[in-house]
Every structure is written in structure tokens, then in C-alpha cells.
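A.B. asks: Got a sequence here, can you build the structure:
(chains A and B)
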There are 2 protein chains.
Amino acid sequence: MQETSAPFRPGTYPENTIGRLMEDPIAVFPESLTVAEATERVRELAAKRLFTYCYIVNPQGVLKGVVTMRDLLLHEKGTRLDSFMLKDPFVLRPEYPLMEAMRQTVNRHYPSYPVCDDQGLLLGIARGSRIFEQQAIEISAQPGAMVGVESEERVNTPFLRSLKFRHPWLQFNLLTAFIAAAVVGLFEDTIDQIVVLAVFLPVLAGQSGNTGCQALAVSLRGITLGELKAGRESQFLVKEAALGLANGALVGITAGLGMFFYATWQQTAVSPYQLGTIVFLAMMGSCFLSGVSGVMVPITLKKFGADPATASSIFLTTATDVASMGFFLGIARLWLM
Amino acid sequence: MQETSAPFRPGTYPENTIGRLMEDPIAVFPESLTVAEATERVRELAAKRLFTYCYIVNPQGVLKGVVTMRDLLLHEKGTRLDSFMLKDPFVLRPEYPLMEAMRQTVNRHYPSYPVCDDQGLLLGIARGSRIFEQQAIEISAQPGAMVGVESEERVNTPFLRSLKFRHPWLQFNLLTAFIAAAVVGLFEDTIDQIVVLAVFLPVLAGQSGNTGCQALAVSLRGITLGELKAGRESQFLVKEAALGLANGALVGITAGLGMFFYATWQQTAVSPYQLGTIVFLAMMGSCFLSGVSGVMVPITLKKFGADPATASSIFLTTATDVASMGFFLGIARLWLM
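C.D. replies: The predicted structure follows:
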């Protein structure tokens, strides 16, 4: 029944591409067919399979147009399909990643899309609902990808497989944590003399990490939804840097006051005013850097051809840990010792 | 042209429900209509609007069946619609949240679904692609929600609005960080005597936080995709607790060795063997607790009627910070002092 000579081989395309979820186009008719002939073929095909559109191809299998059931219903029996078919229909390419396909189809809402190669040869169809369903499954993997969970891991993944998926990234995370520890190690003498600094280390690290993760999450969402385009990156970077600075300053006031009261209560040898100011400055500086890193990490991953979410949170927190604790202990040593 | 008396008011439904993205059903016909009459109506309607199905309702507007264009094409002109219509079609309810609708439609792949109230009254239609498109946009907000970003924030959200959205959660995060700091503060004397412990605080906190975020991400994905159902929660909790323990033990060996070599190099007063063992034990214990928290935090949020992603990472890291640094300093004090 199929007039096309194009091979239908979805299995040969990479994962998460349109080619992989392509289905058989089913109703493929030549241009010269009449409404009566097409209706007869539809009658035979409909008994076996469900389909929405008829695809009109030339003798080489190149897609020339699309005809709906409604078109067949409303046109005279003797009319040729090519006289009323929708010419030059919107098509997808089999090599399109799902993300790209989602962006192209998001405002179209067709039930299915023809998939053609670069010569226009009809290869199959992709259902709109399948594109978005796959997309939803893929996007739902993002929070995991950020912390080193493979996109194929689900709730029912067996224990050993989960362990194998997650463990290498945890060892990698540990290596990056050693970098942060090394920075703290550089200031061991400072901590030794002003031990109250150790109490605020996790505050600085946790706070700048969370601020950075906010910027990272909004960046990733922009990349996913196709809103963070090449030309707008620097504008967005400036905004996130400014947000980091503002959030850091406001949170820095609270944290600085926290340090002031704690140091007063603890009757530290060092002035509580100085300690509070150091917390404030370190918070502002590290949150500024968090905003910048939150944008730069996914953009850099993407530039290197990686999924922008992969381990992005691990890379980000390395930067924010090193910066926040480095600033904090660095300013403390310079000012207090 | 519409035979139904049902009100079509998508604006009255809450955000992220099916009712909100409902469209006018367009082709609504009585049961007694013939194919010829229906075809004539389709001809008139098709000139104005696109639609996929005809909806057959009784005089009260209750949905009785669905007829496709293909059905009209293939049946005799004089046949009544109710003689061949698809009876008792699958319907959505307007109050369904998108997540629920996605789970119900994920294996159906229809271009559109009739939306009926609990009396069966046809209210509108919901396009499959719209459900999944909205769903994709909603899921893409999850990484942000976890760290306190509102689901409506996008790349182009203005600076002040972003600041207003994110800042309250950062102040909240700071409060939770103070809890972790208070735990460290309880052991100030221990750190004062064994300052090398301060160097490994960020290692413990960072590592157990990331381990917990892996469990959290997989839990959230399970909730999103409808795989983490009420009956399977305890089974999944056991798996994640075991994974945390295994990952903690394996990472604990590396971290313990790290401490051993660092303490040896620093020629600490305390035995490097003891210090390494303490890191190992604290890592194993805190990663076990990370796995448990990663499952419990989103489930608890859901039980209280909140979005399971909301600030989940903030709650999680509070637990992992307190546990990891508490275990670490607690064991050190008990054993070394």
C-alpha cells in the first residue's frame, strides 16, 4: 500500500532524536489519486490501523503535500488529491533532538508531523503527543542530571544499577570537595586562632551554593525552553550577577548580624563588628560569583557539546564552595591577623 | 451550531488544571443526525476552525459518543451518528491537575480529549499536545522549585521580580544554615583542639548533600511520572537508604584515606588512623540519612498538600548538614577527647 521507497528504520537513529520515535506513515498516496480512490484505500487501511493524515508523495517518495480526512470528506469524488492538498507542509528531520523538535512544534499543535530527510523523502511520522511525552520524561531527568544521576534511572531501577549510575559522580564530587577542603586547609592557622570562623564556614558554603543553584536552575530552564539564545546570554549573565550581588548583600546583612550576636555571646577575642563585616563582605562577594557561575556552568557544558545539566550542580558548588570559604577566610586573615 | 448548553469558561478553573487549557469543542452534534447532515455541518464549520473529532451529545448536553472524520467518510450518507459512534469515550475532568492528566493520557496518544463534568456534561476539549507542552513547561520549573525559584520565573523575568521571587527562600535557607552552624558551634571546643576537623567539615556537608540530592531527584521524578505510588514508597525508601549506606561507605573510604594522608602530612597530635576512621563512619552514617531524607522530604511535602519539589533541596541540605557535621564532630569528641 505504501508508495514510498524510503526505508523506515527508527532504530538506526540516536536516542532522544525524532528518528527514534518515528512511526510508519501508513496512508501514503500518489499525487494523481482521486478522492474516490483515496477514500477506498483509507477504508482498507482504517480497518487495520489508526491514522490522522494522508501523505502525498511523488514517484521518488518525496513528500509533496498532506490531505486530511476532512478534505476527503468535503471534496468531490473525482477530484485529484494534488489539486487541493496542503503543499509544502511543515516537516521534521529525523536527526532533530527532541528538544529542538519541541521548540519547533510548540506553537503548532498538530496531532502528527511528517518526518523527511534533506532530500524531502518521507521517512515516517512523529506524533505530537509522543514528542511532548518523551520530552516530559527527558526534562524530568534534569534535577537528577544536575547531581550526577543518569537520565535512564527511574524509581524502579535495580539497586546495583543505581549504585553503578550514581557512584562515579559521588567520587567525582568528593574530589571537588577536596579542592574546597584544600582552600580551608590553607587557612588552618587562621581558624586555629579564631575558631568561631569554623562555625560560619557551612553557612557561607550552603548559602552561596543555594544562590548559585537558583541561577543555574533558571539558566537550564531557559536553555530547555529555547529562551536563552546565543545573543541574549551576556544580558542574562549581567542580570544574574546583579541578582547574586543584591541577594548576597541582603542575606549578608542577616548573616553578618548572626555572626555579630554569636561572637558577642561567645566573647571572642576579635571584635564582633569586624567578624560581622567579614561575613557580610564574603557573602556578597561569593553570591555575586554564584550568580555568574550559575549562568556560566551550563553554557560552558553546552559549548563543549555536553548536556548543560550534567553534573552542573557539582561543578557549581565546587566554584561556590571555593569562592565563599576562600573569600571568608582570606578577608579574615588579611584584616584580623 | 453548538447543541450543548454547558458553559465554556476555561478562565474559571485554577492554574495548571485541564479546565484552564480547555478549548471550545466546535463540532457538537445530536445523536439523531445522519452522516449526510453531519458532513454538511462539518463543511460549514471547517471553513472557520480546525477540529479533529465530532462530539455527540444528548439534548441535555451530556456526551454520548465520539465520531471521527474517517467514520463520516466511510459510512453511508443516511446512517445515524449514534449507530456507529464510539460510545463511552475516555474523558478528562476540568479539575484534573496537569500531572494527573498527563499520567492518564500518556499511553493514549489521542490528538484531543473531551472534558466533561461529573454529570457527563461536555464542557470543552483538551488537546493532547497542549497537555504535554504545559507539562513540559511545568516540569522544567522543578530544578528551580527545589532551591526556591517560583515556577513562573523565566529567563526574561525582570530583575526586581526575580529578586522578590528568590530572596525570601534565601533568607529561609540562611535560617536553616544557622541550625547547621549551631551544631558546629556545639563542638567549638573540639575544633579548637583538633583544627584539622574544620578542614573536613565542608567535605562531609557537600558530599552528604549531593548524595541526598540524587535520592531527592529520583524521588521527585518518580512522583512526576506517577511511578512512586503510595504502596511502593516503603520499598523505595529501603532501596534509597541502602544506596546511601553503600555510596557512603565507598565514598567514606576515599574520604577517610584523604583525611589519613592529610593528617599524616600535617603531623597532627591525634592519630591519623583514628581521624580517617571517624571520617569514614561519619560519611557512611550521614549518606545513609541522606538517602532516607531524599525520599522523605518530597513525600512529606506532598502529604502536607505542597508541591513536592518546593524548597525540597533547602529542607534536604538542612538535614544532611546537621547530620553529617553532627556525626563527624560528635564521634570525634566521644573518641578523641
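
A.B. asks: What pLDDT is listed against the spatially closest residue to residue A:197 that is not a sequence neighbour?
C.D. replies: Nearest in space to residue A:197, with sequence neighbours left out and distances taken as CB to CB, 6 or more residues apart in numbering or on different chains, is residue A:191 at 5.3 Å. For glycine as for every other residue, the C-beta is placed from the backbone atoms N, C-alpha and C. Looking at residue A:191, its pLDDT stands at 90.

A.B. asks: residue contacts, residue A:191?
C.D. replies: Neighbouring residues of residue A:191 by CB atoms under 8 Å, 6 or more residues apart in numbering or on different chains: A:184, A:197, A:198, A:329, B:191, B:195, B:198.

A.B. asks: So how do I select the buried members of those in PyMOL?
C.D. replies: In PyMOL, a selection of the buried entries from the contacts of residue A:191 looks like this (16 or more other CB atoms under 10 Å in any protein chain shown):
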select buried, (chain A and resi 184+197+198+329) or (chain B and resi 191+195+198)
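
A.B. asks: Show me the two of the contacts of residue A:191 that sit farthest apart.
C.D. replies: Maximum pairwise distance among the contacts of residue A:191 (CB to CB): 13.9 Å, between A:329 and B:191.

A.B. asks: May I see the contacts of residue A:191 arranged in a markdown table, with secondary structure as well?
C.D. replies: Listed next are the contacts of residue A:191 as a markdown table, based on DSSP: H, G, I helix; E, B strand; the rest coil:
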| residue | secondary structure |
| --- | --- |
| A:184 | helix |
| A:197 | helix |
| A:198 | helix |
| A:329 | helix |
| B:191 | helix |
| B:195 | coil |
| B:198 | helix |
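
A.B. asks: Can you lay out the contacts of residue A:191 as CSV showing distance to residue B:239?
C.D. replies: Listed next are the contacts of residue A:191 as CSV, based on distance: CB to CB, whole Å:
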residue, distance to residue B:239
A:184, 34
A:197, 40
A:198, 36
A:329, 40
B:191, 36
B:195, 39
B:198, 34
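
A.B. asks: what's the closest non-adjacent residue to the residue of the stretch 1-150 of chain A found nearest chain B?
C.D. replies: Chain B sits closest to residue A:132 of the stretch 1-150 of chain A, with a gap of 2.7 Å, by CB to the nearest CB. Distances taken as CB to CB, 6+ apart put residue B:132 closest to residue A:132, at 2.7 Å, once the chain neighbours are dropped.

A.B. asks: if you count residues, which helix in chain A comes out on top?
C.D. replies: Across chain A, the longest stretch assigned as helix under DSSP state H is helix A:233-266.

A.B. asks: Now for the residue lying farthest from the centre of chain A: which residues touch it?
C.D. replies: Going by CA atoms, centre = their mean, the residue of chain A most distant from its centre is residue A:78, 50.8 Å out. Counting by CB under 8 Å, 6+ apart, residue A:78 makes contact with A:34, A:35, A:36.

A.B. asks: Please point out which parts of the helix or strand that the longest helix of chain A is followed by sit buried.
C.D. replies: Downstream of helix A:233-266, the first helix or strand assigned by DSSP states H and E is helix A:272-303. Neighbour-count burial for helix A:272-303 flags A:272, A:274-299, A:301-302 (criterion: 16+ other CB under 10 Å).

A.B. asks: and the angle for helix A:272-303 with helix A:233-266?
C.D. replies: Between the axes of helix A:272-303 and helix A:233-266, defined by axes from the mean of the first three to the mean of the last three CA atoms, to 10 degrees, the angle is 150 degrees.

A.B. asks: Mind giving me the packing neighbours of helix A:272-303?
C.D. replies: Here helix A:272-303 touches helix A:196-224, helix A:233-266, helix A:312-336, going by 3 or more CB pairs under 8 Å, 6 or more residues apart in numbering or on different chains; DSSP states H and E.

A.B. asks: Now the longest one: buried residues?
C.D. replies: Which is helix A:233-266. A:233, A:236-237, A:239-241, A:243-248, A:250-256, A:258-260, A:262-263.

A.B. asks: near chain B too, which of those residues?
C.D. replies: By CB under 8 Å from any CB of the partner chain, the members of those lying near chain B are A:236, A:239, A:243, A:246, A:247, A:250, A:251, A:254, A:255, A:258, A:262.

A.B. asks: distance of the fourth one from residue A:205?
C.D. replies: I take that to be residue A:246. 20 Å (CB to CB, to the nearest Å).

A.B. asks: cool, the fifth one as well?
C.D. replies: Applying CB to CB, the value for residue A:247 to residue A:205 is 16 Å.

A.B. asks: Now the residue nearest to the spatial centre of chain A: closest residue in space, sequence neighbours ignored.
C.D. replies: Most central in chain A under CA atoms, centre = their mean is residue A:224, positioned 4.3 Å from the mean C-alpha point. Among residues not flanking residue A:224 along the chain, residue B:140 sits closest, at 4.8 Å (CB to CB, 6+ apart).

A.B. asks: Got the phi and psi for residue A:309?
C.D. replies: Dihedral angles of residue A:309 (phi, psi; degrees, to the nearest 10) stand at phi -90, psi -20.

A.B. asks: I misspoke; the intended subject was residue A:112.
C.D. replies: When read as degrees, to the nearest 10, the backbone of residue A:112 gives phi -150, psi 160.

A.B. asks: just checking, it touches residue A:126?
C.D. replies: Yes. Under the criterion of CB atoms under 8 Å, residue A:112 makes contact with residue A:126 at 6.5 Å.

A.B. asks: And those two? Which one has more around it.
C.D. replies: Using other CB atoms under 10 Å in any protein chain shown as the criterion, residue A:112 and residue A:126 rank with residue A:126 on top: 28 against 23.

A.B. asks: Surely that one is within a strand?
C.D. replies: Yes. Counting by three-state DSSP, residue A:126 falls inside a strand.
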